[in-house]
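Participant: Give me coordinates for this.
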Amino acid sequence: MTTARRAAAAFLAVTLSLHALAADLASLLPERLKAIVAVEFTIQTEIERRQVTIAGTVVDDRGTIIIPGANIPSGLGVDQLKDFKVYLPEQDESTPAKYLGQDELTGFHFVRATDGLLAKLKPITSFAKAPEPPLGTELWGLGLRGKDEDFKPYALSSRVAMITTLPNKTALTGQDLGAPGLPVFDTEGRLVGLTLSSFGQNYLLFSRTQAGTPVMLVNADESSVVLLADEFLPYLNRVPASPTGRPVTSIGIYGLQPVDPDVAKLLKLERQSGLVVSDILEDSPAAKAGLQDRDIVLAIDGKPLPRLRPDRSVVGYFGQEVLKRNAGDVMTLTVLRGTERKEVKVTLGEEPKMVRESERRYFERLGFTAREFLTADLMAQRAKPAEMGGAVVNFVRPNSPVANAGLRPDDWIREIDGVEVRSYAEAVDKLAAVENDKARAEFVLLTRRGGETQVLRVKLN
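Facilitator: Residues are numbered from 1 along each chain as shown. Take a look at the predicted model:
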């Protein structure tokens, strides 16, 4: 067969495949559209109320809906997420919904529709699950147009180009397959997975005046990344008990790095994965169990760490293994300490207060939000528990007095006008006094950023 004939035959096969898929979609689509919705809510920031609409997938008969974690900015307080509503595809009327919180393991935010909508919804768990798709398998996914188009649904199709583990098993397709957070099916209508946020693609941008400049483009509306069903179906029952997302399990290790290849060769660890421990929080479960900096974790409960590529994926695997367990559970770690292997039994605990739970206050005249200093800040600032205190900058309004002085989010406020602030309450009292003193022309902040101290003179008038 000539090259031309082979190309014509390949084109004909693809064309016939697309026609067959289109015919199948006509019968499969109506029931599967019942599993997707649009979720609308308001993010209340210090300076604006921003309305957000994202796609969600129905996961149970109670009207529980999941939306990807990447679609809601991290660090927001629970009280900053308001007025949740749900729209059905091709509907312009909404029904109220309740925000249930974010699950730390899966990253999903959970929302629940009101009872009046349940009869019109169908959970993805009601569809048969497809086996892991081989390379070249034809898949199709769903998307929703915007509110101004009454969330009109559409379908996309593509073929599996790659299966990888990051640390969850993920399929990559040749072209965009659907909106992030919506289900993906095979040609028989079986559930394959959920589309994740796109990884982005690298391009070179050329102009008349300069050579190619590297740029990365990310499609926020569609993606070619599919989290396979086995990676999330077992965890759809992890609906948070409260909007804060608790309970959240913690081990107290804030630094984990894959073993350097040269070090692995020296230690004869080339054929297995290892994670180097650092930044162990004092009085944490890891510290109480006797874990030490530079310990190398080789196995969890007797099971060796998986060999993943890139190596960094093993860090995500370890974190997920912690989150799959409950506070009070014992996790046995096999560690290499020097040349000696040890079994360390760690009784897991509850995660200390998180940023989304923290107290915070916005100072309009100064132009920033201060929040309480948390345990996680100790590690970020390389500080000791005895130093815990003061306040952390959570938000800085552009072109505000503090922004012009150089203050940035995550700066640690240690002194105000030369006086040490030992607690969040003291910081708030002093900042409020400055805020309310209309005659005040300036004040001074002493802050710490990445281990370095700086003095900022803030001009108010």
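
Participant: Could you chop this protein up by domain?
Facilitator: Segmentation of the chain into domains, based on automatic domain parsing, reads 25-244, 249-350, 358-459.

Participant: With mean pLDDT as added columns, please give the ones you listed in a markdown table.
Facilitator: Supplementary listing: these in a markdown table, determined by pLDDT from 0 to 100:
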| stretch | mean pLDDT |
| --- | --- |
| domain 25-244 | 92 |
| domain 249-350 | 93 |
| domain 358-459 | 94 |
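
Participant: Now mean neighbour count too, for those, in a markdown table please.
Facilitator: All C-beta spots, glycine's among them, are computed from the backbone N, C-alpha and C. Supplementary listing: the domains of the chain in a markdown table, determined by neighbours: other C-beta atoms under 10 Å:
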| stretch | mean neighbour count |
| --- | --- |
| domain 25-244 | 17 |
| domain 249-350 | 16 |
| domain 358-459 | 17 |
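
Participant: Is it correct that R414 falls within a helix?
Facilitator: No. Checked against DSSP: H, G, I helix; E, B strand; the rest coil, R414 lies outside a helix; its state is strand.

Participant: Let me see the contact set for it.
Facilitator: Taking C-beta atoms under 8 Å, 6 or more residues apart in numbering as the contact definition, R414 lies against G390, E420, V421, L446, T447, R448, T453.

Participant: and V277, that one's in a strand?
Facilitator: Yes. Going by three-state DSSP, the assignment for V277 places it inside a strand.

Participant: That one is in contact with A289, isn't it?
Facilitator: No. Between V277 and A289 no contact is recorded; they are 11.3 Å apart, counting by C-beta atoms under 8 Å.

Participant: partner residues bridging I296?
Facilitator: Note on I296: beta-bridge partners by DSSP bridges are V276, L336.

Participant: Surely it and G274 touch.
Facilitator: Yes. Between I296 and G274 there is a contact at 4.5 Å, judged by C-beta under 8 Å.

Participant: any common contacting residues for these two?
Facilitator: V259, L267, L336.

Participant: Next one: the last one from V344, what distance?
Facilitator: Read that as L336. From L336 across to V344, the span is 11 Å (C-beta to C-beta, to the nearest Å).

Participant: what sits against the closest residue to R238 other than its chain neighbours?
Facilitator: Distances taken as C-beta to C-beta, 6 or more residues apart in numbering put D103 closest to R238, at 4.6 Å, once the chain neighbours are dropped. Neighbour list for D103: F110, Y235, R238, V239, P240, G245 [criterion: C-beta under 8 Å, 6+ apart].

Participant: Check those and tell me the two furthest apart.
Facilitator: The two members of the contacts of D103 with the most space between them (C-beta to C-beta) are Y235 and G245, at 13.6 Å.

Participant: Can you show me the strands along the stretch 201-350 of the chain?
Facilitator: With DSSP state E, counting those that start in this stretch applied, the stretch 201-350 of the chain shows strands at 201-205, 213-217, 225-228, 249-250, 253-258, 275-280, 296-300, 303-304, 330-337, 340-347, 349-350, listed in chain order.

Participant: what are the phi and psi angles of T447?
Facilitator: For T447, the backbone dihedrals are phi -130, psi 170 (criterion: degrees, to the nearest 10).

Participant: how about the helices in this structure?
Facilitator: Counting by DSSP state H, the chain has helices at residues 3-33, 261-266, 285-289, 313-323, 375-380, 401-405, 424-436.

Participant: Please name whichever of the ones you listed is nearest to V78.
Facilitator: Each of the helices of the chain was scored for nearness to V78 using C-beta to C-beta, and the closest is helix 375-380 (16.9 Å).

Participant: Touching that closest one from outside, list them.
Facilitator: Residues beyond helix 375-380 that count as contacts (C-beta under 8 Å, 6+ apart) turn out to be 254-255, 279, 281, 352-355, 383-385, 387-388, 392, 410, 412.

Participant: cool, stretch 415-434 as well?
Facilitator: Counting contacts by C-beta under 8 Å, 6+ apart, the residues outside stretch 415-434 that touch it are 359, 361, 363, 366, 370-373, 389-391, 413-414, 440, 443-446, 460.

Participant: Next one: G290 relative to Y203, how far apart?
Facilitator: Taken as C-beta to C-beta, the spacing of G290 relative to Y203 amounts to 50 Å.

Participant: cool, and A130?
Facilitator: From A130 over to Y203 the distance is 33 Å, taken as C-beta to C-beta.

Participant: hang on, N404 packs against K459?
Facilitator: Yes. A contact is recorded between N404 and K459 when judged using C-beta under 8 Å, the distance being 7.3 Å.

Participant: wait, what's in contact with the closest residue to L105 other than its chain neighbours?
Facilitator: Sequence neighbours aside, L323 is the residue nearest to L105 in space, at 4.1 Å (criterion: C-beta to C-beta, 6+ apart). When the contact criterion is C-beta under 8 Å, 6+ apart, the partners of L323 are E104, L105, V248, T249.

Participant: Looking at the residues you listed, spot the one nearest G193.
Facilitator: Using C-beta to C-beta, L105 comes nearest to G193 of the contacts of L323, at 16.8 Å.

Participant: quick one on the thing from earlier: pipe the contacts of D103 into JSON lines and attach distance to P68 per row.
Facilitator: Formatted as JSON lines, the entries for the contacts of D103 read as follows, by distance: C-beta to C-beta, whole Å:
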{"residue": "F110", "distance to P68": "12"}
{"residue": "Y235", "distance to P68": "14"}
{"residue": "R238", "distance to P68": "15"}
{"residue": "V239", "distance to P68": "16"}
{"residue": "P240", "distance to P68": "15"}
{"residue": "G245", "distance to P68": "15"}
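
Participant: so which of these would you say is closest to I47?
Facilitator: Distances from I47 to the contacts of D103, taken as C-beta to C-beta, are shortest for G245 (25.6 Å).

Participant: Q102 is in contact with that closest one, correct?
Facilitator: Yes. In this structure G245 lies within contact range of Q102 using C-beta under 8 Å: 4.7 Å.

Participant: Backbone dihedrals for S284, please?
Facilitator: According to degrees, to the nearest 10, S284 has phi -90, psi 170.

Participant: Now do the contacts for it.
Facilitator: The neighbourhood of S284, defined by C-beta under 8 Å, 6+ apart, consists of S250, I251, G252, I253, G349.

Participant: do the same with E222
Facilitator: Neighbours of E222 in contact, by C-beta under 8 Å, 6+ apart: G143, L156, D176, L177, G178, A179, P180, T195, S198.

Participant: The biggest strand by length in the chain pairs with which strands, parallel or anti?
Facilitator: Among all segments of the chain classified by DSSP state E, the strand with the greatest residue count is strand 153-165. Based on DSSP bridges, the strands next to strand 153-165 in the sheet, each with its direction, are strand 138-144 (antiparallel), strand 169-173 (antiparallel).
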